[in-house]
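J.: only geometry, no sequence info:
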Ligand SMILES: Cc1ncc(COP(=O)(O)O)c(C=O)c1O
(Lines give C-alpha, C1' and ligand atoms only; values in the text may rest on other atoms or scores of the structure.)
Protein backbone atom coordinates (compact mmCIF):
# COMPACT_ATOMS: atom_id res chain seq x y z
CA UNK A 1 0.00 0.00 0.00
CA UNK A 2 1.40 3.39 -1.00
CA UNK A 3 0.40 5.58 1.91
CA UNK A 4 -0.46 9.25 1.58
CA UNK A 5 1.91 10.08 4.40
CA UNK A 6 5.01 8.00 5.07
CA UNK A 7 6.47 9.68 8.11
CA UNK A 8 5.63 12.16 10.85
CA UNK A 9 8.27 14.52 9.50
CA UNK A 10 11.25 14.43 7.14
CA UNK A 11 14.35 12.60 8.50
CA UNK A 12 12.14 11.29 11.29
CA UNK A 13 14.59 8.94 13.06
CA UNK A 14 17.47 11.40 13.18
CA UNK A 15 15.31 14.33 14.32
CA UNK A 16 13.45 12.24 16.92
CA UNK A 17 16.78 11.40 18.56
CA UNK A 18 17.77 15.06 18.70
CA UNK A 19 14.30 15.91 20.00
CA UNK A 20 14.69 13.50 22.93
CA UNK A 21 17.95 15.18 23.91
CA UNK A 22 16.39 18.60 23.52
CA UNK A 23 13.47 17.70 25.79
CA UNK A 24 15.77 16.20 28.44
CA UNK A 25 17.94 19.32 28.52
CA UNK A 26 15.20 21.95 28.36
CA UNK A 27 13.94 23.90 31.31
CA UNK A 28 11.08 25.40 29.29
CA UNK A 29 8.86 23.58 26.80
CA UNK A 30 6.09 26.15 26.51
CA UNK A 31 6.44 28.76 23.75
CA UNK A 32 9.88 30.35 23.85
CA UNK A 33 13.22 30.69 22.10
CA UNK A 34 12.84 27.76 19.66
CA UNK A 35 9.51 29.10 18.40
CA UNK A 36 10.95 32.60 18.05
CA UNK A 37 13.92 31.22 16.14
CA UNK A 38 11.61 29.27 13.85
CA UNK A 39 9.47 32.35 13.18
CA UNK A 40 12.55 34.29 12.13
CA UNK A 41 13.89 31.51 9.91
CA UNK A 42 10.55 30.86 8.31
CA UNK A 43 9.77 34.54 7.62
CA UNK A 44 13.17 34.89 5.95
CA UNK A 45 12.61 31.81 3.82
CA UNK A 46 9.08 32.88 2.83
CA UNK A 47 10.43 36.39 2.11
CA UNK A 48 8.03 38.08 4.51
CA UNK A 49 8.85 40.47 7.33
CA UNK A 50 6.90 38.66 10.04
CA UNK A 51 5.81 35.15 10.95
CA UNK A 52 3.58 34.33 13.93
CA UNK A 53 3.62 30.65 14.83
CA UNK A 54 0.42 29.03 16.13
CA UNK A 55 -0.70 25.50 16.91
CA UNK A 56 -2.36 24.66 13.55
CA UNK A 57 -3.29 25.94 10.11
CA UNK A 58 -6.88 26.16 11.33
CA UNK A 59 -5.76 28.35 14.23
CA UNK A 60 -3.86 30.53 11.76
CA UNK A 61 -7.10 31.02 9.82
CA UNK A 62 -9.04 31.85 12.97
CA UNK A 63 -6.34 34.24 14.22
CA UNK A 64 -6.10 36.27 11.01
CA UNK A 65 -9.87 36.82 10.83
CA UNK A 66 -10.04 37.80 14.51
CA UNK A 67 -7.07 40.15 14.08
CA UNK A 68 -8.72 41.89 11.10
CA UNK A 69 -11.92 42.30 13.13
CA UNK A 70 -10.03 43.60 16.18
CA UNK A 71 -8.33 46.20 13.98
CA UNK A 72 -11.66 47.27 12.47
CA UNK A 73 -10.48 46.40 8.96
CA UNK A 74 -13.35 43.92 8.82
CA UNK A 75 -16.69 44.35 10.54
CA UNK A 76 -19.35 41.86 11.58
CA UNK A 77 -21.78 41.40 8.67
CA UNK A 78 -19.17 42.14 5.96
CA UNK A 79 -19.15 39.95 2.86
CA UNK A 80 -16.15 37.63 2.52
CA UNK A 81 -15.51 35.68 -0.68
CA UNK A 82 -13.78 32.31 -0.43
CA UNK A 83 -12.58 29.55 -2.78
CA UNK A 84 -15.45 27.07 -3.11
CA UNK A 85 -13.03 24.12 -2.91
CA UNK A 86 -11.12 24.49 0.32
CA UNK A 87 -10.92 23.16 3.87
CA UNK A 88 -13.69 23.44 6.47
CA UNK A 89 -11.73 25.60 8.90
CA UNK A 90 -11.31 28.35 6.30
CA UNK A 91 -15.02 29.07 6.36
CA UNK A 92 -15.89 28.09 9.91
CA UNK A 93 -14.15 31.08 11.57
CA UNK A 94 -15.88 33.38 9.07
CA UNK A 95 -19.27 32.00 10.09
CA UNK A 96 -18.36 31.87 13.79
CA UNK A 97 -17.25 35.50 13.75
CA UNK A 98 -20.39 36.81 12.07
CA UNK A 99 -19.24 37.41 8.49
CA UNK A 100 -21.32 36.72 5.40
CA UNK A 101 -19.68 34.04 3.28
CA UNK A 102 -19.73 34.02 -0.52
CA UNK A 103 -18.34 30.92 -2.29
CA UNK A 104 -16.46 31.60 -5.51
CA UNK A 105 -16.22 28.81 -8.06
CA UNK A 106 -12.86 27.52 -9.26
CA UNK A 107 -11.56 26.85 -12.77
CA UNK A 108 -11.59 23.17 -13.61
CA UNK A 109 -8.14 23.26 -15.25
CA UNK A 110 -6.28 25.05 -12.43
CA UNK A 111 -8.52 24.01 -9.49
CA UNK A 112 -8.28 27.60 -8.25
CA UNK A 113 -10.25 30.83 -8.32
CA UNK A 114 -9.40 33.02 -11.34
CA UNK A 115 -9.82 36.78 -11.79
CA UNK A 116 -12.81 36.05 -14.08
CA UNK A 117 -14.59 34.00 -11.44
CA UNK A 118 -13.83 36.68 -8.86
CA UNK A 119 -15.23 39.48 -11.04
CA UNK A 120 -18.49 37.52 -11.55
CA UNK A 121 -19.01 37.54 -7.78
CA UNK A 122 -17.86 41.13 -7.28
CA UNK A 123 -20.61 42.20 -9.69
CA UNK A 124 -23.15 40.73 -7.29
CA UNK A 125 -21.76 41.30 -3.78
CA UNK A 126 -19.84 44.11 -2.04
CA UNK A 127 -17.00 41.80 -1.01
CA UNK A 128 -14.73 43.27 1.69
CA UNK A 129 -12.26 40.43 1.96
CA UNK A 130 -11.17 37.56 -0.28
CA UNK A 131 -9.98 34.40 1.46
CA UNK A 132 -8.22 32.62 -1.36
CA UNK A 133 -7.05 29.02 -1.01
CA UNK A 134 -4.02 28.10 -3.12
CA UNK A 135 -5.20 24.56 -3.73
CA UNK A 136 -2.75 21.66 -3.95
CA UNK A 137 0.25 23.66 -5.15
CA UNK A 138 -1.61 25.32 -8.03
CA UNK A 139 -2.87 28.81 -8.69
CA UNK A 140 -4.70 30.66 -11.43
CA UNK A 141 -3.93 34.31 -12.28
CA UNK A 142 -3.34 35.35 -8.67
CA UNK A 143 -1.36 38.41 -9.83
CA UNK A 144 -4.51 39.74 -11.53
CA UNK A 145 -6.59 38.83 -8.48
CA UNK A 146 -4.21 40.89 -6.35
CA UNK A 147 -4.50 43.82 -8.76
CA UNK A 148 -8.31 43.72 -8.58
CA UNK A 149 -8.24 43.52 -4.78
CA UNK A 150 -5.77 46.42 -4.52
CA UNK A 151 -7.86 48.54 -6.86
CA UNK A 152 -11.14 47.84 -5.08
CA UNK A 153 -9.80 47.96 -1.52
CA UNK A 154 -10.54 44.26 -0.91
CA UNK A 155 -8.38 42.59 1.74
CA UNK A 156 -6.66 39.62 0.11
CA UNK A 157 -5.67 36.78 2.44
CA UNK A 158 -4.13 33.58 1.08
CA UNK A 159 -4.50 30.20 2.66
CA UNK A 160 -1.20 28.71 1.59
CA UNK A 161 -1.45 25.53 3.67
CA UNK A 162 -1.24 23.36 0.54
CA UNK A 163 1.18 25.32 -1.66
CA UNK A 164 4.25 26.07 0.40
CA UNK A 165 7.11 26.76 -2.01
CA UNK A 166 5.11 27.18 -5.22
CA UNK A 167 6.48 30.10 -7.26
CA UNK A 168 4.29 32.01 -9.72
CA UNK A 169 5.73 34.80 -11.89
CA UNK A 170 8.84 34.92 -9.74
CA UNK A 171 6.95 35.28 -6.45
CA UNK A 172 6.24 32.63 -3.82
CA UNK A 173 2.57 31.87 -3.25
CA UNK A 174 1.66 33.25 0.15
CA UNK A 175 3.22 36.60 -0.76
CA UNK A 176 0.42 38.05 -2.88
CA UNK A 177 -2.03 38.87 -0.09
CA UNK A 178 -1.81 41.10 2.99
CA UNK A 179 -1.15 37.91 4.91
CA UNK A 180 -1.05 34.17 4.34
CA UNK A 181 -1.70 31.16 6.54
CA UNK A 182 0.32 27.95 6.63
CA UNK A 183 -0.18 24.50 8.16
CA UNK A 184 2.65 22.43 9.59
CA UNK A 185 0.47 19.39 10.19
CA UNK A 186 1.87 15.93 9.41
CA UNK A 187 1.78 15.31 5.67
CA UNK A 188 1.99 18.96 4.70
CA UNK A 189 5.21 20.21 3.11
CA UNK A 190 6.91 20.98 6.39
CA UNK A 191 5.71 19.15 9.50
CA UNK A 192 6.03 20.13 13.15
CA UNK A 193 3.44 17.40 13.98
CA UNK A 194 0.77 20.04 14.70
CA UNK A 195 1.48 23.65 13.87
CA UNK A 196 0.72 26.62 11.71
CA UNK A 197 1.69 30.22 11.07
CA UNK A 198 0.61 33.53 9.63
CA UNK A 199 3.07 35.51 7.50
CA UNK A 200 2.74 39.20 6.70
CA UNK A 201 4.71 42.38 6.03
CA UNK A 202 2.14 44.45 7.94
CA UNK A 203 3.48 45.41 11.37
CA UNK A 204 0.13 46.47 12.85
CA UNK A 205 -1.36 43.12 11.85
CA UNK A 206 1.60 41.20 13.28
CA UNK A 207 1.20 43.02 16.61
CA UNK A 208 -2.51 42.21 16.73
CA UNK A 209 -1.83 38.58 15.84
CA UNK A 210 0.51 38.34 18.86
CA UNK A 211 -2.36 39.59 21.05
CA UNK A 212 -4.92 37.26 19.43
CA UNK A 213 -2.61 34.23 19.74
CA UNK A 214 -2.32 34.47 23.51
CA UNK A 215 -5.37 35.43 25.56
CA UNK A 216 -5.58 39.02 24.31
CA UNK A 217 -2.66 40.09 26.52
CA UNK A 218 0.60 41.80 25.55
CA UNK A 219 3.19 39.23 26.73
CA UNK A 220 4.62 38.52 23.28
CA UNK A 221 4.98 42.13 22.21
CA UNK A 222 8.32 43.94 22.25
CA UNK A 223 9.05 46.05 25.36
CA UNK A 224 8.45 49.18 23.30
CA UNK A 225 5.06 47.99 22.08
CA UNK A 226 4.07 46.85 25.59
CA UNK A 227 4.85 50.32 26.89
CA UNK A 228 2.78 51.92 24.16
CA UNK A 229 -0.28 49.75 24.73
CA UNK A 230 -0.02 50.10 28.52
CA UNK A 231 0.18 53.89 28.30
CA UNK A 232 -2.77 53.96 25.90
CA UNK A 233 -4.89 51.95 28.34
CA UNK A 234 -3.58 53.63 31.44
CA UNK A 235 -2.04 50.47 32.84
CA UNK A 236 0.77 51.60 35.10
CA UNK A 237 0.82 48.88 37.73
CA UNK A 238 3.31 46.03 37.22
CA UNK A 239 0.97 43.92 39.36
CA UNK A 240 -1.82 44.18 36.76
CA UNK A 241 0.11 44.76 33.54
CA UNK A 242 0.78 41.09 32.91
CA UNK A 243 -2.90 40.30 33.45
CA UNK A 244 -4.50 43.02 31.36
CA UNK A 245 -6.41 41.78 28.33
CA UNK A 246 -6.51 44.32 25.51
CA UNK A 247 -8.54 42.70 22.77
CA UNK A 248 -10.34 39.51 21.74
CA UNK A 249 -8.07 36.50 21.61
CA UNK A 250 -7.65 32.78 22.20
CA UNK A 251 -4.92 30.47 23.32
CA UNK A 252 -3.43 29.29 20.01
CA UNK A 253 0.14 28.99 21.26
CA UNK A 254 2.43 26.25 20.12
CA UNK A 255 5.24 24.61 22.13
CA UNK A 256 9.03 24.47 22.06
CA UNK A 257 8.72 20.87 20.86
CA UNK A 258 7.04 22.08 17.66
CA UNK A 259 9.50 24.96 17.40
CA UNK A 260 12.47 22.60 17.72
CA UNK A 261 11.12 20.23 15.04
CA UNK A 262 10.40 23.21 12.78
CA UNK A 263 13.98 24.45 13.10
CA UNK A 264 15.32 20.97 12.35
CA UNK A 265 13.02 20.69 9.28
CA UNK A 266 14.00 24.12 7.93
CA UNK A 267 17.40 22.67 6.98
CA UNK A 268 15.61 20.44 4.47
CA UNK A 269 12.77 22.66 3.27
CA UNK A 270 14.15 23.26 -0.22
CA UNK A 271 15.13 19.60 -0.57
CA UNK A 272 11.60 18.52 0.41
CA UNK A 273 10.00 20.93 -2.06
CA UNK A 274 12.36 19.92 -4.84
CA UNK A 275 11.61 16.23 -4.39
CA UNK A 276 7.86 16.86 -4.40
CA UNK A 277 8.20 19.03 -7.50
CA UNK A 278 10.14 16.33 -9.39
CA UNK A 279 7.66 13.61 -8.35
CA UNK A 280 4.74 15.73 -9.45
CA UNK A 281 6.22 16.62 -12.84
CA UNK A 282 6.94 12.98 -13.58
CA UNK A 283 3.54 11.70 -12.54
CA UNK A 284 1.58 14.57 -14.13
CA UNK A 285 3.34 14.22 -17.49
CA UNK A 286 2.03 10.65 -17.77
CA UNK A 287 -1.37 10.82 -16.13
CA UNK A 288 -2.78 14.16 -17.30
CA UNK A 289 -2.16 13.19 -20.95
CA UNK A 290 -5.13 10.88 -20.74
CA UNK A 291 -7.71 13.57 -21.43
CA UNK A 292 -10.41 11.12 -22.43
CA UNK A 293 -10.49 9.87 -18.83
CA UNK A 294 -9.37 12.99 -16.94
CA UNK A 295 -9.85 16.73 -17.16
CA UNK A 296 -6.54 18.31 -18.20
CA UNK A 297 -4.76 20.24 -15.43
CA UNK A 298 -2.76 23.30 -16.41
CA UNK A 299 0.48 24.05 -14.63
CA UNK A 300 2.84 25.42 -17.28
CA UNK A 301 2.12 28.99 -16.10
CA UNK A 302 3.69 28.14 -12.71
CA UNK A 303 7.49 28.55 -12.29
CA UNK A 304 7.86 25.96 -9.51
CA UNK A 305 5.04 23.69 -8.42
CA UNK A 306 5.01 22.35 -4.90
CA UNK A 307 2.23 20.12 -3.62
CA UNK A 308 1.71 17.27 -1.16
CA UNK A 309 -0.86 15.39 -3.21
CA UNK A 310 -1.67 14.89 -6.87
CA UNK A 311 -5.26 15.62 -7.94
CA UNK A 312 -7.07 13.70 -10.66
CA UNK A 313 -10.45 14.97 -11.89
CA UNK A 314 -12.27 12.23 -13.78
CA UNK A 315 -14.56 12.85 -16.74
CA UNK A 316 -17.36 10.98 -14.95
CA UNK A 317 -18.23 9.67 -11.53
CA UNK A 318 -18.17 6.15 -12.99
CA UNK A 319 -14.47 6.53 -13.92
CA UNK A 320 -13.72 7.90 -10.44
CA UNK A 321 -15.55 5.01 -8.75
CA UNK A 322 -13.67 2.46 -10.87
CA UNK A 323 -10.39 4.08 -9.85
CA UNK A 324 -11.38 3.94 -6.19
CA UNK A 325 -11.81 0.18 -6.62
CA UNK A 326 -8.55 -0.16 -8.58
CA UNK A 327 -6.57 1.66 -5.88
CA UNK A 328 -8.02 -0.41 -3.03
CA UNK A 329 -5.17 -1.80 -0.85
CA UNK A 330 -2.64 -0.44 -3.37
CA UNK A 331 -2.68 3.35 -3.21
CA UNK A 332 -4.25 5.46 -0.48
CA UNK A 333 -6.59 7.98 -2.07
CA UNK A 334 -8.90 10.71 -0.75
CA UNK A 335 -11.47 13.22 -1.98
CA UNK A 336 -9.97 16.53 -3.16
CA UNK A 337 -9.29 18.41 0.09
CA UNK A 338 -12.70 19.28 1.64
CA UNK A 339 -14.51 19.21 -1.70
CA UNK A 340 -17.22 21.70 -2.61
CA UNK A 341 -17.86 23.44 0.68
CA UNK A 342 -21.49 24.30 -0.07
CA UNK A 343 -22.28 20.57 -0.18
CA UNK A 344 -20.99 20.03 3.37
CA UNK A 345 -23.58 19.62 6.15
CA UNK A 346 -22.18 22.45 8.29
CA UNK A 347 -22.52 24.89 5.38
CA UNK A 348 -26.14 23.89 4.76
CA UNK A 349 -26.88 24.24 8.47
CA UNK A 350 -25.37 27.69 9.04
CA UNK A 351 -25.49 29.45 5.66
CA UNK A 352 -29.16 29.43 4.81
CA UNK A 353 -29.23 32.28 2.30
CA UNK A 354 -27.01 30.52 -0.25
CA UNK A 355 -28.58 30.01 -3.65
CA UNK A 356 -27.12 28.52 -6.84
CA UNK A 357 -24.23 26.16 -7.28
CA UNK A 358 -20.55 26.17 -8.18
CA UNK A 359 -20.41 23.99 -11.26
CA UNK A 360 -16.70 23.21 -11.27
CA UNK A 361 -16.40 22.79 -7.51
CA UNK A 362 -19.21 20.23 -7.73
CA UNK A 363 -17.35 18.29 -10.46
CA UNK A 364 -14.23 18.26 -8.27
CA UNK A 365 -16.32 17.05 -5.32
CA UNK A 366 -18.11 14.30 -7.23
CA UNK A 367 -15.47 13.18 -9.74
CA UNK A 368 -12.14 14.00 -8.13
CA UNK A 369 -9.62 12.19 -5.96
CA UNK A 370 -6.02 12.65 -4.90
CA UNK A 371 -3.08 10.49 -3.87
CA UNK A 372 -0.02 11.48 -1.88
CA UNK A 373 3.11 13.11 -3.22
CA UNK A 374 5.80 12.98 -0.56
CA UNK A 375 9.58 13.24 -0.67
CA UNK A 376 9.96 9.59 0.34
CA UNK A 377 8.15 8.11 -2.68
CA UNK A 378 10.40 5.57 -4.43
CA UNK A 379 10.88 5.17 -8.19
CA UNK A 380 9.01 1.84 -8.06
CA UNK A 381 6.09 3.43 -6.25
CA UNK A 382 5.90 6.25 -8.79
CA UNK A 383 5.90 3.67 -11.61
CA UNK A 384 3.12 1.75 -9.87
CA UNK A 385 0.99 4.89 -9.46
CA UNK A 386 1.46 5.82 -13.12
CA UNK A 387 0.53 2.30 -14.20
CA UNK A 388 -2.69 2.23 -12.20
CA UNK A 389 -3.81 5.63 -13.50
CA UNK A 390 -2.88 5.05 -17.15
CA UNK A 391 -3.97 1.48 -17.89
C1 LIG B 1 -6.31 24.53 2.65
C2 LIG B 1 -6.20 24.13 4.09
N3 LIG B 1 -6.32 25.08 5.04
C4 LIG B 1 -6.25 24.78 6.34
C5 LIG B 1 -6.05 23.50 6.78
C6 LIG B 1 -5.99 23.21 8.25
O7 LIG B 1 -4.71 22.96 8.70
P8 LIG B 1 -4.48 22.18 10.09
O9 LIG B 1 -4.77 20.75 9.85
O10 LIG B 1 -3.06 22.46 10.43
O11 LIG B 1 -5.42 22.78 11.07
C12 LIG B 1 -5.94 22.46 5.85
C13 LIG B 1 -5.76 21.09 6.33
O14 LIG B 1 -5.20 20.24 5.82
C15 LIG B 1 -6.01 22.79 4.47
O16 LIG B 1 -5.92 21.84 3.53
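T.: Ah, there it is. Keep in mind it's a predicted model, so treat the numbers as computed, not measured.

J.: ranges for the strands of the stretch 1-150 of the chain?
T.: Listed in chain order, the strands found in the stretch 1-150 of the chain under DSSP state E, counting those that start in this stretch are 50-54, 79-83, 100-104, 127-133.

J.: I'd like to know which elements the first one is packed against.
T.: Under the contact criterion of 3 or more Cβ pairs under 8 Å, 6 or more residues apart in numbering; DSSP states H and E, the helices and strands touching strand 50-54 comprise helix 33-46, helix 57-70, strand 196-200, helix 203-213, helix 256-266. The way it works is simple: take the backbone N, C-alpha and C, and place the C-beta from them, glycine included.

J.: Can you tell me what sits against that strand?
T.: Contact with strand 50-54 is made by 31, 35, 38-40, 42-43, 60, 63, 195-203, 206, 209-210, 213, 252-254, 258-259, 262, as judged by Cβ atoms under 8 Å, 6 or more residues apart in numbering.

J.: what does this protein have sitting close to the ligand?
T.: Contacts of the chain with the ligand, taken as Cβ under 6 Å from any ligand atom, map to 56-58, 86-87, 89-90, 133, 159, 161-162, 183, 185, 196, 337.

J.: which residue packs closest to the residue of the chain found nearest the ligand, ignoring adjacent ones?
T.: Residue nearest to the ligand within the chain (Cβ to the nearest ligand atom): residue 57, separated by 2.6 Å. Closest residue to residue 57 apart from its sequence neighbours, by Cβ to Cβ, 6 or more residues apart in numbering: residue 183 at 2.6 Å.

J.: quick one, what contacts that neighbour?
T.: Neighbours of residue 183 in contact, by Cβ under 8 Å, 6+ apart: 56, 57, 58, 60, 161, 162, 195, 196.

J.: between the helices and strands packed on strand 50-54, which one is nearest to residue 76?
T.: Proximity to residue 76 (Cβ to Cβ) singles out helix 57-70 among the helices and strands packed on strand 50-54, at 7.3 Å.

J.: Does anything pack onto the longest helix that the chain contains? Which helices or strands?
T.: Counting residues, the longest helix found in the chain (DSSP state H) is helix 269-287. Here helix 269-287 touches strand 309-313, helix 379-390, going by 3+ Cβ pairs under 8 Å, 6+ apart.

J.: Pipe those into TSV and attach mean neighbour count and mean pLDDT per row.
T.: What follows is the helices and strands packed on helix 269-287, written out as TSV (neighbours: other Cβ atoms under 10 Å; pLDDT from 0 to 100):
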stretch	mean neighbour count	mean pLDDT
strand 309-313	23	97
helix 379-390	15	96
